[in-house]
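In: Below are the sequence and a predicted model; questions follow.
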Amino acid sequence: MGERWRNTALLVIDMQKDFIEEASVRRVKGGKSIVPNVVGVVELARQRGIIVIWVVREHDPQGRDVELFRRHLYNSEKVGPVVKGTVGAELVDGLMIKEEEDYKIVKTRFSAFFGTNLHSFLQTSGVNNLVIAGVQTPNCIRQTVFDAVELDYPSVTVITDATAAATPEIHTANILDMKNIGIKTPSLHEWSEEFA
């Protein structure tokens, strides 16, 4: 089975407490409900010998590396979202990086490719097929997918029930847009049946 999947990587995007936990002001409303499926995707990827790449945001406490429209969230009176070293920047409960097997990419923008070494790492690792899970569909998921298409990755798959947005309607509209440019959009169950 490992041979079939050796050129594949799973990108798990922004599954961090500040984006998932109910108490967070930056939470993605649909995020909590997909955690079990994201856990399932990670477990299946590991069983198949697929490298798991954790794509996370970790920001400077003063917000000097965040988008302009988010800078107001970072000031001396409060800690902004996903500041490096804070509880909010940690992966949500149930997900864990296996240091000896997995890889971690830190990003400061929507796309996992923008300003990171992701593309170089994937090329060096012989990866040309991507599977994507996480939050949120119209922003980080979509931008990463479109950049992967721009970079000519021949196979990009978004697991539809292991990704989420603020509303089901926003999620569905963005999945349709991605499907219309050739992205595969199976559910976790459908992906688990592929080449099983």
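Out: Structure received.

In: does residue 11 sit in a helix, a strand or a coil?
Out: strand (DSSP: H, G, I helix; E, B strand; the rest coil).

In: cool, residue 34 as well?
Out: Under three-state DSSP, residue 34 falls in the helix class.

In: Could you do residue 147 as well?
Out: Going by three-state DSSP: residue 147 is helix.

In: show me the contacts for it.
Out: Residue 147 is in contact with 111, 112, 113, 114, counting by Cβ atoms under 8 Å, 6 or more residues apart in numbering. For glycine as for every other residue, the C-beta is placed from the backbone atoms N, C-alpha and C.

In: now do 10 Å
Out: Applying Cβ atoms under 10 Å, 6 or more residues apart in numbering to residue 147 gives the contacts 110, 111, 112, 113, 114, 118, 119, 153, 156.

In: Those residues in helices, which ones?
Out: Members of the contacts of residue 147 lying in helices (criterion: DSSP state H): 118, 119.

In: ok, residue 71 touching residue 81?
Out: No: look at residue 71 against residue 81 with Cβ atoms under 10 Å: they stay out of range, at 11.7 Å.

In: Now for those two: what residues contact both?
Out: Contacts common to residue 71 and residue 81, judged by Cβ under 10 Å, 6+ apart, are residue 63.

In: going on from the strand ranked longest in the chain, what's the next piece of helix or strand?
Out: Taking DSSP state E as the assignment, the strand of the chain that covers the most residues is strand 155-164. Following strand 155-164 in sequence order, the next helix or strand is helix 168-179 (DSSP states H and E).
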